[in-house]
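[1] My questions concern the predicted model and sequence given below.
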Amino acid sequence: MPTVNELLIDESIRHQIQLLKFSNETVRKMVAVLNRADARLRTQLLTVLEQVEPNQDKVQRLESLMGSVRSMNSQAYAQLGDAITEELKNFVVYEAAYQSNLLLSVTPVTVSVTSLVAEQVYAAAVARPFQGVLLKNVLVDLEAGRAKRIRTAISQGFAENRTTTDIVRDVFGTKKNQYADGLLQVSRREAQAVVRTALGHMAGFVQDRLAEANADLISAVQWLATLDLRTSSTCRIRDNKLYHPVTHKPIKHSLPWLGGPGRAHWGCRSAQVFVLKSAAELGIPGPEVELRNGTRATMDGQVPKEVSYADWIKKQSYTRQSEVLGPTRAKLLKDGKLPLERMYSLSGQFLDLDQLRASDSAAFKRAGL
């Protein structure tokens, strides 16, 4: 019979995988906002460059067109800010309900759980800096950085007497390379980092507030790192470490909280899981309890044994493995033909199926794929 804390850690890992997928989809949508703005900016830049008189002083030429460029750039980041804000608000509503319901579902029927008011949590979270800055200030800095890159490219183009086509190509890149070879690709990568970090900040903040509201039930929070080759050393050494649920002081170790899982650094993918108190600490007679979801579990208050992501995925059903890895990788894993670790490159990137087949064709043959 599983313990309540084992049920919690199992569901927390599953949820973190879904959050990573959600993060990827949110990044895609936010980059699409920038891409649409870039298309309008490209048209505008072509127009104003063609209208500049050739005999104008280079400084005058630059200043005459940067006004409209700055205006469109500002509009682009205003739209991006609005889109990110809407996504984060909706996410906090969902995450607050999910985390409250999860805690409610694994506590005994005799225990009271305090839920969260999502609007209050969002207001507090957005007012709290992540990585030392507020979200609104991050976007201001990104806007200014992008405007500076555009100005530098145009100025350099003028100095080298490059054509309008050359200057625009330097700024935006080429269609052949999906515009990834232009200076504005840096802006897309920055936006991606902000979105992922902001989502991690919100998710962690929801759990922090829930832990504070239910400190009478929770003995600790446990750090869960995403265990693949891309995991930072900061998170690897904190994996499975315990912290006080309210003060976040280390429990039986000396590694500081650093803002917590999902917030320890830019793009942090770690999560946290609540460790509930024992039946005796909660005043519940006997170690076996009836949970609110109708199941029974052992309420022993012990920390779940250390489990890696690879350990966890191997014990899941084929349906869940397929949901996480896709049917082909799930079959390779389920049949024991290819361990999870070999599904990644040495740089920590998840290999697509063609790359995976090329690197381990024998495994595909053994699995009949």
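    In hand now; what should we look at? Numbers count the residues shown, from 1 in each chain.

[2] Just want to check the distance between R151 and I167.
    Using Cβ to Cβ, to the nearest Å, R151 is found at 11 Å from I167. The C-beta positions use only the backbone N, C-alpha and C, and glycine is treated the same way.

[3] So those two - more neighbours on which side?
    Each of R151 and I167 has its neighbours counted (other Cβ atoms under 10 Å); I167 has more, 21 against 17.

[4] Quick one: mean pLDDT for whatever helix or strand S155 lives in?
    Secondary-structure element containing S155, defined by DSSP states H and E: helix 135-159. Averaging pLDDT along helix 135-159 gives 87.

[5] Which strands and helices lie in contact with it?
    helix 58-105, helix 164-172, helix 185-213 (3 or more Cβ pairs under 8 Å, 6 or more residues apart in numbering; DSSP states H and E).

[6] Now with 10 Å, please.
    Other elements packing on helix 135-159 under the criterion 3 or more Cβ pairs under 10 Å, 6 or more residues apart in numbering; DSSP states H and E are helix 4-51, helix 58-105, helix 118-126, helix 164-172, helix 185-213.

[7] buried set for it?
    Counting neighbours by 16 or more other Cβ atoms under 10 Å, one finds that the buried residues in helix 135-159 are 135, 138-139, 142-143, 146-147, 149-151, 153-155, 157-158.

[8] And stretch 257-266, by the same measure?
    Within stretch 257-266, the residues that qualify as buried are 257, 259-265, counting by 16+ other Cβ under 10 Å.

[9] Closest one of the residues you listed to N177?
    For N177, the closest of these turns out to be H265, at 29.6 Å, with distances computed as Cβ to Cβ.

[10] Tell me the confidence at the closest one?
    Per-residue confidence (pLDDT) for H265: 91.

[11] just to revisit the earlier point, using TSV, lay out the helices and strands packed on helix 135-159 together with mean pLDDT and distance to Y318.
    Supplementary listing: the helices and strands packed on helix 135-159 in TSV, determined by pLDDT from 0 to 100; distance: least, Cβ to Cβ, whole Å:
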stretch	mean pLDDT	distance to Y318
helix 4-51	85	15
helix 58-105	86	24
helix 118-126	93	35
helix 164-172	86	45
helix 185-213	93	28
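
[12] Next, the contact list for the closest residue to L258 other than its chain neighbours, please.
    Nearest-residue entry for L258: A264, 4.4 Å, with adjacent residues in sequence omitted and distances by Cβ to Cβ, 6 or more residues apart in numbering. A264 is in contact with 131, 200, 204, 223, 225, 232, 234-235, 238, 256-258, 270, counting by Cβ atoms under 10 Å, 6 or more residues apart in numbering.

[13] Tell me which of the helices and strands packed on helix 135-159 is the most buried.
    Counting by mean count of other Cβ atoms under 10 Å, helix 185-213 has the highest mean neighbour count of the helices and strands packed on helix 135-159, with a mean of 21.

[14] Residue ranges of each domain in the chain, please.
    Using automatic domain parsing, the domains assigned to the chain come out as 4-194, 214-310, 316-367.

[15] Tell me the one among the buried residues of stretch 257-266 nearest to S12.
    Once Cβ to Cβ is applied, the member of those that ends up nearest S12 is P261, at 10.3 Å.

[16] Save the domains of the chain as CSV, and put in distance to D208 too.
    Formatted as CSV, the entries for these read as follows, by distance: least, Cβ to Cβ, whole Å:
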stretch, distance to D208
domain 4-194, 9
domain 214-310, 7
domain 316-367, 27
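
[17] can you count the residues close to the residue lying closest to T226 once chain neighbours are set aside?
    Once its chain neighbours are removed from consideration, T226 has its nearest residue in R269; the separation is 4.3 Å (Cβ to Cβ, 6+ apart). Residues contacting R269 under the criterion other Cβ under 10 Å number 22.

[18] which ones are touching R269?
    Residues in contact with R269, defined by Cβ under 10 Å, 6+ apart, are 16, 19-20, 23, 196, 200, 224-226, 228, 230-232, 235, 261-262.

[19] picking up where we left off before, the helix holding S155 to helix 4-51, inter-axis angle?
    With axes from the mean of the first three to the mean of the last three Cα atoms, to 10 degrees defining the directions, helix 135-159 sits at 30 degrees from helix 4-51.

[20] how far out from the middle of the chain is helix 135-159?
    What separates the centre of helix 135-159 from the centre of its chain is 25 Å, taken as Cα atoms, centre = their mean, to the nearest Å.

[21] what do you get for stretch 158-171?
    Between the centre of stretch 158-171 and the centre of its chain there are 36 Å (Cα atoms, centre = their mean).

[22] ok, V113 touching S100?
    Yes. Under the contact definition of Cβ atoms under 10 Å, V113 touches S100, with a separation of 6.9 Å.

[23] which neighbours do the two share?
    Here V113 and S100 share the contacting residues 210, 213-214, scored by Cβ under 10 Å, 6+ apart.

[24] returning to what we had before: a markdown table for the helices and strands packed on helix 135-159, including distance to K337?
    Rendered in a markdown table, the data for those read as follows (distance: least, Cβ to Cβ, whole Å):
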| stretch | distance to K337 |
| --- | --- |
| helix 4-51 | 22 |
| helix 58-105 | 34 |
| helix 118-126 | 44 |
| helix 164-172 | 45 |
| helix 185-213 | 32 |
